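Asker: Give me coordinates for this.
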Amino acid sequence: MFRLKIAMIPLTATLLFLFAISAVASADTAYDSDERKFLELINEYRAQNGAGPLALSDDLTVASERHNEDMAEFSFFAHDTVGSSRYPAGSQPWDRMAAEGYDYNTFKGENLAVGYETAEEVFQAWKDSPSHNAAMLDPNYKVVGVSRIQVPRSTFDWYWTTDFGGFVDPSARTADSGEPEDPPPPRPEPQPEPPRNLLENSDFADQDTGWEQWATDGAMLVLKGEFARLGGYNDGVDELRQEVRIAPGARLSYNVRITTEESAPFGDRLTVRLTDEGRERATVLRRYTGEDAGKWRRETIDLSEYAGETGYLSFAAGTDEDGLTSFYIDNVRLVG
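Answerer: Model (predicted):
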């Protein structure tokens, strides 16, 4: 069997750009409770970090909504338009924004996610990703378009797009009143620095940094800017590893999701382990099989008992000749 190229799983992506165009237009848009909740969450978060609040731009929301509809109808997940009845193929976020009236010479950006139903879920996913988190906290942005749609029997079911802009356009308003946002609140006291992540390329922003990867079929395990995928083909062994030194009080955390065609007994497996530098001793931290298949979940492991040790942190998958099982890993953090 060949490795699957597309998986029906929650994904995230981000794009930041500065672009110059011109002109003005407006839109009239209604917002559901989760879209309004997302605006509340992101503005609370920005206030905690010294960034001004975002007003809702109807024009940006129309661009966001229509991109969601296109991704669902034409079965793709990307910033550039693959298929659409409204925009030319290859249209980029600022092209869609301009087409809906937001064509100002200002900062522009976009966050995408699929597979998340609620505002709280997608907000946390973007917060956990450094690039998406940076977009949400960028002080250059003053307005946002927010769209969440569900398309049953589509590839990903739930679709989220947020388009950001640095100019407060005429369509901008609060979620409830239709009035522009109030001026930014006073800058809060600086927040304590979060614990330092000891891993390189922990959100898999590129394929070549930090992680050593090996697969029987020769495939790249790190999907640039998305996640790592192990398994997904028969009779294979995959390993993703990085050299680490375990600090006192260290904790390992990561997102994991498993999809499988197997039924019990489950032969395909994923192990999370620590291996010493000579690869003579391996400590298994967690094991997963197709029995653990389901939605994304966050796992945390206390590594304090291994403080001072140097070796390799690895995610290793082995698959048999029965049904396909894929193991997805994202947002790996080692702090201490």
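Asker: where are the low-confidence patches of the stretch 1-150 of the chain?
Answerer: 1-29 (pLDDT under 70).
Asker: could you pull out the strands for it?
Answerer: Assigned by DSSP state E, counting those that start in this stretch, the stretch 1-150 of the chain shows strands spanning 11-19, 55-57, 106-114, 143-150.
Asker: Tell me the buried residues in the last one?
Answerer: I take that to be strand 143-150. Within strand 143-150, the residues that count as buried by 16 or more other C-beta atoms under 10 Å are 143-149. Yep, even glycine has a C-beta here, placed from its N, CA and C like the rest.
Asker: Next, the angle from that strand to strand 106-114.
Answerer: 20 degrees (axes from the mean of the first three to the mean of the last three C-alpha atoms, to 10 degrees).
Asker: who does strand 143-150 touch, helix- and strand-wise?
Answerer: The contact analysis (3 or more C-beta pairs under 8 Å, 6 or more residues apart in numbering; DSSP states H and E) places strand 143-150 against helix 33-48, strand 55-57, helix 58-74, strand 158-165.
Asker: Over to the third one?
Answerer: In terms of contacts (3+ C-beta pairs under 8 Å, 6+ apart), strand 106-114 is packed against strand 11-19, helix 93-99, helix 119-128, helix 130-137, strand 158-165.
Asker: Okay, buried residues for whatever helix or strand Ala228 lives in please.
Answerer: Assigned by DSSP states H and E, Ala228 falls within strand 227-231. Residues 227-231 are the ones in strand 227-231 that count as buried (16+ other C-beta under 10 Å).
Asker: Flag the least confident of the residues you listed.
Answerer: Confidence by pLDDT is poorest for Phe227 among these, given 89.
Asker: For that residue, which non-adjacent residue is spatially closest?
Answerer: Take Phe227 and drop its neighbours on the chain: the residue closest to it by C-beta to C-beta, 6 or more residues apart in numbering is Asp330, 3.9 Å away.
Asker: Quick one: distance of the host helix or strand of the one you found to the chain centre.
Answerer: In the assignment (DSSP H and E), Asp330 maps to strand 325-335. On the basis of C-alpha atoms, centre = their mean, to the nearest Å, the separation between the geometric centre of strand 325-335 and that of its chain is 12 Å.
Asker: from the buried residues of strand 143-150, which two are the most distant?
Answerer: With C-beta to C-beta as the measure, no two of those lie farther apart than Val143 and Ile149, at 20.3 Å.
Asker: pretty sure Glu239 is in contact with Ala316, am I right?
Answerer: Yes. Glu239 is within contact range of Ala316, at 4.5 Å (criterion: C-beta atoms under 8 Å).
Asker: re earlier: make JSON lines out of the buried residues of strand 143-150 and add distance to Asp103.
Answerer: Listed next are these as JSON lines, based on distance: C-beta to C-beta, whole Å:
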{"residue": "Val143", "distance to Asp103": "14"}
{"residue": "Val144", "distance to Asp103": "17"}
{"residue": "Gly145", "distance to Asp103": "14"}
{"residue": "Val146", "distance to Asp103": "20"}
{"residue": "Ser147", "distance to Asp103": "19"}
{"residue": "Arg148", "distance to Asp103": "25"}
{"residue": "Ile149", "distance to Asp103": "24"}
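Asker: Looking at these, spot the one nearest Asp276.
Answerer: Of all the buried residues of strand 143-150, Arg148 has the smallest distance to Asp276: 46.9 Å, by C-beta to C-beta.
Asker: That closest one and Ala63: what is the separation?
Answerer: Distance of Arg148 to Ala63, computed by C-beta to C-beta, to the nearest Å: 14 Å.
Asker: next one: Trp211
Answerer: Shown here: Trp211 relative to Ala63, a distance of 35 Å by C-beta to C-beta.
Asker: Could you do Gly225 as well?
Answerer: Gly225 is 21 Å from Ala63, by C-beta to C-beta.
Asker: Name the residue in those two with the higher neighbour count.
Answerer: Neighbour count, other C-beta atoms under 10 Å: between Gly225 and Ala63, Ala63 has more, with 31 against 17.
Asker: what sits against that one?
Answerer: Contact partners of Ala63, counting by C-beta atoms under 8 Å, 6 or more residues apart in numbering, are 93, 96-97, 99-100, 102, 145, 163.
Asker: Residues in contact with the strand holding Ala228: which ones?
Answerer: Strand 227-231 is contacted by residues 7, 11, 204, 211, 213, 215, 221-223, 238, 240, 255, 268, 270, 315-317, 319, 324-330 when judged by C-beta under 8 Å, 6+ apart.
Asker: Identify the spatial nearest neighbour of Gly231, chain neighbours not counted.
Answerer: Excluding its sequence neighbours, the residue lying closest to Gly231 (C-beta to C-beta, 6+ apart) is Ala317, at 4.5 Å.
Asker: Point me to the helix or strand that includes the one you found.
Answerer: Using DSSP H and E, Ala317 sits in strand 310-318.
Asker: Would you check that Pro248 makes contact with Gly336?
Answerer: Yes. If you go by C-beta under 8 Å, Pro248 and Gly336 touch, sitting 6.3 Å apart.
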